[in-house]
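Enquirer: give me the fold of what follows.
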Amino acid sequence: MNTAEIPTGRLIYGCMGLGGAWDAPGYTDDDVARAAAAIDAALAIGVELFDHADIYSMGKAEAVFGEVLAARPGLREKIRLQSKCGIRLWENGLNNYYDLSHASIMERVEGILARLRTGHLDTLLFHRPDPLLDRREAARAVSELLADGRIGAVGVSNMSAAQMEYLQDSLTVPIVANQLEMSLAVRDWVDSGVTVNHRQGAGNPFPHGTLEHCMGRGIELQAYGSLANGRYTGAVPADELDDAGRATAALVRELGEEFGVAPESVLLGWLMRHPAAISPVIGTTSPARIAACGDAVSVAARMDRLQWYRLWITARGEFIP
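Expert: Sure, this is the predicted structure:
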């Protein structure tokens, strides 16, 4: 297989940064305008899937997105929407807890649809594993939501292969996506596959086999934090990076010049070059930075094995076993 034939994922726009401050009681016209600008920038680079969660900006991220949809008839039909439920924040005297009960799923989806001003989600994700999960309850909620058209598919976030398999056994439809933190800075997902039976693998928190489980079953891997918070693209000053970080930032710039693209596209292209066909979630609200991601697919198609390994090993700061 040559590099042009390598399957790649798709770019997803993550709406976590929309809606203003999380502790603000409401949103402003400026927040709606900023959301509209980010949506337009994402559409301009070919994004079709927009990622939400009911907790993002305490619901305001979905609400400002809904304002944009309401102001633009026809836009909803041109895009795909997914949102997440399962985390409850600052309720009942707790900072947070998880709830994937039937009643909670149904209540949260109702709120999501109302804020987004849409009749359905293309995909509903369970945000985090709930230790008290009754998979039959969750499956019943999914079946009801599918039956009345409020959702089109179900996925998960932050789940291991074992957790997905356990849930899947009670579902009547396949899990279509798993959203995990994956980037050139957070490399546990790739390191876990090569540090088996080696000291470098000690303490790796990534559940080994999850990547292979998703690849083998056609479950889309969606990568949040994919831009590494600007660590290698200039947002973090060089003097705040360690030696490996500075070397990686320099290599990202070098490859960007070689490909004729922005550094952001190099970072995302590295993820998408993996045969898991990883779909990066772009979380920035800056239209310019969103635009800088627009060449990621072409970078993934052009990046060769040596370039991919150079980025990975340089970021690791030590040789692979």
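Enquirer: drop to CA atoms for contacts and neighbour counts, all remaining ones
Expert: Will do.
Enquirer: quick one: low-confidence parts of the stretch 51-200 of the chain?
Expert: Along the stretch 51-200 of the chain, no part satisfies pLDDT under 70.
Enquirer: can you map out the strands along it?
Expert: 80-85, 87-91, 94-98, 123-126, 154-157, 175-181 (DSSP state E, counting those that start in this stretch).
Enquirer: who touches the fourth one?
Expert: Taking Cα atoms under 8 Å, 6 or more residues apart in numbering as the criterion, the residues outside strand 123-126 that touch it are 81-86, 100, 151-157, 177.
Enquirer: for the longest one, same thing?
Expert: The contact list for strand 175-181, computed with Cα under 8 Å, 6+ apart, reads 125, 153-159, 164, 168, 214, 218-226.
Enquirer: go with 7 Å
Expert: 154-159, 168, 219-225 (Cα atoms under 7 Å, 6 or more residues apart in numbering).
Enquirer: just to revisit the earlier point, and of the strands of the stretch 51-200 of the chain, who's closest to Tyr56?
Expert: Relative to Tyr56, the nearest member of these by Cα to Cα is strand 80-85, separated by 9.5 Å.
Enquirer: list the strands paired with that closest one, with their directions.
Expert: Sheet pairing of strand 80-85 (DSSP bridges) gives strand 49-51 (parallel), strand 123-126 (parallel).
Enquirer: among the ones you listed, which is the most enclosed?
Expert: strand 123-126 (a mean of 24; mean count of other Cα atoms under 10 Å).
Enquirer: who touches stretch 284-293?
Expert: By Cα under 7 Å, 6+ apart, stretch 284-293 touches Gly17, Ala37, Ala38, Ala41, Ala42, Ile45, Ala262, Glu264, Ser265.
Enquirer: report the buried residues of that stretch.
Expert: Thr284, Thr285, Pro287, Arg289, Ile290, Ala291, Ala292, Cys293 (16 or more other Cα atoms under 10 Å).
Enquirer: local confidence estimate at the first one?
Expert: Looking at Thr284, its pLDDT reads 97.
Enquirer: roughly how far apart are the nearest residue to Lys78 once chain neighbours are set aside and Arg10?
Expert: Residue nearest to Lys78 in three dimensions, not counting chain neighbours: Glu48, with 7.3 Å by Cα to Cα, 6 or more residues apart in numbering. Glu48 sits 9 Å away from Arg10, going by Cα to Cα, to the nearest Å.
Enquirer: ok, Asn229 next?
Expert: For Asn229 relative to Arg10 (Cα to Cα), the value is 20 Å.
Enquirer: looking at the two now, which is surrounded by more residues?
Expert: Ranked by neighbour count (other Cα atoms under 10 Å), Asn229 and Arg10 place Arg10 first, with 19 against 15.
Enquirer: which helix or which strand is home to that one?
Expert: For Arg10, there is no enclosing helix or strand under DSSP states H and E.
Enquirer: so it sits against Val281, correct?
Expert: No. Applying Cα atoms under 7 Å, one finds Arg10 not in contact with Val281, separated by 8.9 Å.
Enquirer: list residues touching both of the two?
Expert: By Cα under 7 Å, 6+ apart, no residue touches both Arg10 and Val281.
Enquirer: mind listing what the residue nearest the centre of the chain touches?
Expert: Centre of the chain computed as the mean C-alpha position; nearest residue by Cα atoms, centre = their mean is Tyr224, 3.3 Å away. Counting by Cα under 7 Å, 6+ apart, Tyr224 makes contact with Gln179, Leu180, Glu181, Met182, Pro280, Val281.
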